[in-house]
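Following is a predicted model, sequence given first.
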Amino acid sequence: MPQRTHTCGQLNESNTDHNVTLMGWVNAFRGHGSGLVFVDLRDRDGITQIVFDSDDAPTELVEAGDKLRNEDCIRVTGVVRARAKANPKIPTGAIEVLATELEVLSKTAKLPFVPSDESNLPAEETRLKHRYLDLRRPKMQEILRTRHRVTKVTRDYFDEQGFLEIETPMLCRSTPEGARDFLVPSRLQEGMWYALPQSPQLFKQILMIAGCDRYLQIVKCFRDEDPRFDRQAEFTQIDLELAFVDREEVMSIMEGFAKRLWKETMGIDLADFPRMTYQDALNDYGIDRPDTRYDLKLIDISDLAAKTDFGVFQGALEKPKGVVKAIRVPGKAADFSRKVTDAFTKFASDFGAGGIPTTKYVNGDFESGIGKFLGSIKDELIERLGLEDGDAVIFGADTYSIVTKALGELRQKIARDHGFIPEGAWNFLWVYDFPMFEHVEGEGDEPGRFHALHHPFTAPSDHELERFLSADPDNIDEIESIVSDGYDMICNGSEIGGGSIRIHRKDVQAKVFSLLGLSEEEAKLKFSFLLDALSYGAPPHGGIAFGLDRLVMHMCATDNIREVMAFPKTMTGQDLMCEAPNVVDDDQLHELHVKSTATTTV
RNA sequence: GGGGCGGUAGCUCAAUUGGUUAGAGUCCCGGACUGUCGAUCCGGUGGUUGCGGGUUCGAGUCCCGUCCGCCUCGCCA
């Protein structure tokens, strides 16, 4: 079989009269009987028009061409010639290949869908079931290409920065903290189990202690939790760790990485990233990953609200940590009908808010909604919120955490639904100064406990170290006030990377474990290797992990994470193409010392 | 685990208040056609209305259960 001489995206007028061989798939065919047939041939690189013409070729060849159908895989040899009338829609539109030879490499069966018909795509379910057809689409090929470019730039950049790519195990020890583990039964060790890694966290820290200095890995991670549009149980991290660094150095190297990535994959120059403390993010945006492409800030008006007779405001302020906050929605007075604002209340109820009071500032007065309660604070409220005629205002009144969550989520919904998100904006920022711990109330008789906001290996901020070591575990407020040396990289309201300076002192690590409710014995049992390693000259170190899938989602502007994965799973964790997971033989289970307790089988 | 929307031909969809033989486009098959590029024109094949119950003279349509897909809350150190 002759080798192909070109791809389907390569040929142009300079190839005129050349004899070429192309291979690919039939993207479209336009037959005009046994005399003249056009076929668009597609491969990864593009589309080239093939013409079968009985004026210049044997009738049998033209007839064979007339039998071709969408997605047949073929080889064509022929002569390049200029078209009488060029097609400006495709890069190879000035030429065509006059076929002199045709081989059908593989005839297609009747298609479940036609991948070249972008305007008439089937349901995602069908696309996933026949992913090999779906991935033939140029759009999907472009996503795979972008994903490749990202990993290529990643390896180039970090190689230049002195990082080594080192693999860590996929079969690990289970650590029940954090997300649910995927478990793998051991055949050789009866009754014992491996876990798939949620992240290579401990291994990369140990690599630092092992003197590897700078580590990189593009690595699969596994978390057995329910998926979301931007979350899969199996996903890919760009995982990094550096020794002998402080927060500033890590952030600077990582910011350089993001800038390089955007430059090389999209030709975009990113400005220096602003920084925001966790507390400011929560106060102003109601979330720890603020979308700064638009304003709509949460503004505290508790002091003003206290002066009104509005029962909802008064009730909220009587609660412990009760607040009243407002968001100015510029120019939307006319859009916020009763139906729209009722939907806000319904939306906010998911986050525990009893209601979303609203009003409109029209003709110098507060109209509709709770406007009649605001007379006494009118001028102060207008000044505080910077109101202009035609603005709408939404309020949240409850405890700090409920108001923050509800208005934070509503802020994003309003931005999406009412056109506040500018096209083509890339707003990056760093969020830092996270609390190390948050206290969660116990359920029923259970005592409350602390929970690591990032993970239990995150170091306290330098200036907090002494305060942390001497902190009283029973003093909840004091513990919650200690700030860590963590940092998140945020892009357009999405966390694309998160990391921290790690603990490299055994005594500090031991105190974290004890605050998290791990006894010395438990800590030893679960993390003895880390504690051991920390006692043999551990260097100060820190790192970060980027979500590769989310990075590519942003770059390709896809609606969900499945679009940027070659073989994703559905919301129930199934691979519709392979039909995984599946039932296995009892023999297999027996060998693994496992017995199923499932009551239903498919 | 909770909530919402959806499932009708291979694919995308339609089907009045519960009413006769479940339609259309597309794909596929056959035919016509020498400059198309979403080719065009003519004809044809194709259905367990996701699955299982129930109500009814009669169910794609109403009710219950269940499976699947998407979205969402919880969850995701």
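Looks like it came in fine.

What are the boundaries of the strands in the stretch 451-600 of chain A?
All strands of the stretch 451-600 of chain A, identified by DSSP state E, counting those that start in this stretch, fall at A:486-491, A:494-501, A:541-547.

Turn the ones you listed into a markdown table, columns for mean pLDDT.
Output for the strands of the stretch 451-600 of chain A, formatted as a markdown table (pLDDT from 0 to 100):
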| stretch | mean pLDDT |
| --- | --- |
| strand A:486-491 | 97 |
| strand A:494-501 | 96 |
| strand A:541-547 | 97 |
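
Mind putting these into JSON lines with distance to A:Arg69?
C-beta here means a position set from N, CA and C on the backbone, and glycine is covered the same way. As requested, the strands of the stretch 451-600 of chain A are exported to JSON lines (distance: least, CB to CB, whole Å):
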{"stretch": "strand A:486-491", "distance to A:Arg69": "44"}
{"stretch": "strand A:494-501", "distance to A:Arg69": "42"}
{"stretch": "strand A:541-547", "distance to A:Arg69": "41"}
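
Turn these into a markdown table, including mean neighbour count and distance to RNA strand B.
As requested, the strands of the stretch 451-600 of chain A are exported to a markdown table (neighbours: other CB atoms under 10 Å; distance: least, CB to the nearest atom of the strand, whole Å):
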| stretch | mean neighbour count | distance to RNA strand B |
| --- | --- | --- |
| strand A:486-491 | 24 | 10 |
| strand A:494-501 | 21 | 9 |
| strand A:541-547 | 24 | 9 |
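
SS state for the nearest residue to A:Arg4 once chain neighbours are set aside?
Residue nearest to A:Arg4 in three dimensions, not counting chain neighbours: A:Met23, with 4.6 Å by CB to CB, 6 or more residues apart in numbering. Here A:Met23 is recorded as strand under DSSP: H, G, I helix; E, B strand; the rest coil.

so which of the strands of the stretch 451-600 of chain A gets nearest A:Ile414?
Set against A:Ile414 and scored by CB to CB, those come closest in strand A:494-501, at 17.6 Å.

Give the partner strands of the closest one in its sheet and their orientations.
Within its sheet, and counting by DSSP bridges, strand A:494-501 is paired with strand A:486-491 (antiparallel), strand A:541-547 (antiparallel).

any idea how far the residue nearest to A:Arg4 is from A:Cys8?
From A:Met23 over to A:Cys8 the distance is 9 Å, taken as CB to CB, to the nearest Å.

Could you do A:Arg180 as well?
Per CB to CB, A:Arg180 is found 46 Å from A:Cys8.

just the helices in the stretch 1-150 of chain A please.
In the stretch 1-150 of chain A, the helices defined using DSSP state H, counting those that start in this stretch lie at A:59-66, A:124-129, A:131-134, A:138-160.

Quick one: the ones you listed as CSV, columns for distance to RNA strand B, mean pLDDT and mean neighbour count too.
Converted to CSV, those look like this (distance: least, CB to the nearest atom of the strand, whole Å; pLDDT from 0 to 100; neighbours: other CB atoms under 10 Å):
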stretch, distance to RNA strand B, mean pLDDT, mean neighbour count
helix A:59-66, 6, 92, 18
helix A:124-129, 4, 95, 16
helix A:131-134, 10, 96, 17
helix A:138-160, 14, 97, 16
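
Distance to A:Asp417 for these - can I get that in a markdown table?
Putting these into a markdown table (distance: least, CB to CB, whole Å) gives the following:
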| stretch | distance to A:Asp417 |
| --- | --- |
| helix A:59-66 | 51 |
| helix A:124-129 | 23 |
| helix A:131-134 | 30 |
| helix A:138-160 | 26 |
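
Confirm for me that A:Leu36 is in contact with A:Asp56.
No - the criterion here is CB atoms under 8 Å, and A:Leu36 misses it with A:Asp56 at 10.3 Å.

Tell me how many other residues surround the nearest residue to A:Gly46 once chain neighbours are set aside.
The spatial neighbour of A:Gly46 that comes closest, neighbours along the chain excluded (CB to CB, 6+ apart), is A:Gly9 at 2.6 Å. Other residues within reach of A:Gly9, judged by other CB atoms under 10 Å, total 16.

Surely A:Gly9 and A:Leu41 touch.
No - A:Gly9 lies out of contact with A:Leu41 (CB under 8 Å); the separation is 10.6 Å.
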